[in-house]
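**Student:** just need the structure, nothing else, for what follows:
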Amino acid sequence: MAWWGKALGGAFGFMMGGPLGALIGIAFGHNFDKGLSSVMSDSGFFPGQQERVQAAFFTATFSVMGYIAKADGRVSREEIKMAEAVMSQMGLTGEVRESAKKLFNEGKSDDFPLDDVLDQFKKEVHRRSTLIQVFLEIQLQAAYADGVLDKSEEQVLIHICRRLGVPLDQFQRLEDMLKAGFGQGSYQAPGQPRHKTTLQEAYTLLGVEKSASDAEVKKAYRRLMSQHHPDKLVAKGLPEQMIKDATEKTQQIKDAYEQIKASRGMK
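**Tutor:** As a prediction, the model looks like this:
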């Protein structure tokens, strides 16, 4: 992905402006002295809307993750491991990984402008509700890194949902999915055992009750598969480095569906 390049990072900071642009400037700060035209000329790449959304997603993800990690007053070792696991899952190495760490640390700062960052992120993704959902999934996974959701972390997450226009029942749905093991294989810290989904958790993951009809189960499965399809997410602006995560989540959805089908004798 071209925009990961260190020169282009500075260019996005110039182009985007606002709090996200400032954060990009901190993460890729060594490029700001070059000037926009020079940066673009050196990179040989002129970013379009998709790349802009990818840059916004990357920047907001790691900075807000840092903010949530400190919401309970301290950043635990598990939360740091979780952030590093996300970076590893995204395939971040070298300077780009260091940039992600800088964003995480900026989120921990006392003067981090959370609302301004969220407002600009919402504007940049522009009605891409699926991307906002994936963003929330990642933040929830990070908040649960130490095994519990602290009250202060929960309050921050609820505030984030309200700021992004996400109904609280959808937030609860995402939390239920996480408790059922959704995504835990993607971002779990090193050495953490992989979660084995029970039949009840399979229903929870699909968002249906055991009393649901076969048709309702199929509908829920197809909806989730559409929402998490890797190609569709990347086309909407998800950083391509996260395609592995999206692929693993679709596999979890498939596995849950197959588990339910087998228990019901569905074809």
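
**Student:** which pLDDT value goes with His159?
**Tutor:** pLDDT for His159: 97.

**Student:** not counting sequence-adjacent ones, nearest residue to it?
**Tutor:** Spatial nearest neighbour of His159, excluding adjacent residues (C-beta to C-beta, 6 or more residues apart in numbering): Leu114 at 8.0 Å. From N, CA and C alone the C-beta is placed, and that goes for glycine too.

**Student:** ditto for Gly237
**Tutor:** Using C-beta to C-beta, 6+ apart and skipping residues adjacent in sequence, the residue nearest Gly237 is Val53, 3.0 Å away.

**Student:** same thing with Glu175?
**Tutor:** Closest residue to Glu175 apart from its sequence neighbours, by C-beta to C-beta, 6+ apart: Leu140 at 6.2 Å.

**Student:** show me the contacts for Leu174.
**Tutor:** 133, 136-137, 140 (C-beta atoms under 8 Å, 6 or more residues apart in numbering).

**Student:** what strand or helix carries it?
**Tutor:** Assessed by DSSP states H and E, Leu174 sits inside helix 168-179.

**Student:** could you pull out the buried residues of that helix?
**Tutor:** Across helix 168-179, burial judged by 16 or more other C-beta atoms under 10 Å covers 171, 174-175, 177-179.

**Student:** a markdown table for those residues, including distance to Ser213?
**Tutor:** Formatted as a markdown table, the buried residues of helix 168-179 follow (distance: C-beta to C-beta, whole Å):
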| residue | distance to Ser213 |
| --- | --- |
| Phe171 | 27 |
| Leu174 | 24 |
| Glu175 | 25 |
| Met177 | 21 |
| Leu178 | 26 |
| Lys179 | 25 |
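
**Student:** can you add pLDDT and give those back as CSV?
**Tutor:** Shown next, in CSV, are those (pLDDT from 0 to 100):
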residue, pLDDT
Phe171, 91
Leu174, 88
Glu175, 88
Met177, 86
Leu178, 82
Lys179, 81
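
**Student:** okay, now the unreliable bits of this protein?
**Tutor:** Across the chain, residues meeting the criterion (pLDDT under 70) sit at 1-15, 29-48, 89-91, 146, 183-195, 241-242.

**Student:** let's go with 50 and repeat that
**Tutor:** Scanning the chain for pLDDT under 50 picks out 1-9, 30-46, 186-187, 189-190.

**Student:** how about the helices in the stretch 1-150 of the chain?
**Tutor:** 6-16, 18-27, 36-43, 49-69, 77-89, 94-108, 114-125, 129-143 (DSSP state H, counting those that start in this stretch).

**Student:** got it, and the stretch 151-267 of the chain?
**Tutor:** 151-164, 168-179, 184-187, 199-206, 214-228, 230-236, 243-264.

**Student:** tell me which of these lies nearest to Gly25.
**Tutor:** helix 151-164 (22.9 Å; C-beta to C-beta).

**Student:** what residues of the closest one count as buried?
**Tutor:** For helix 151-164, by 16+ other C-beta under 10 Å, it's 153-154, 156-157, 160-161, 164.
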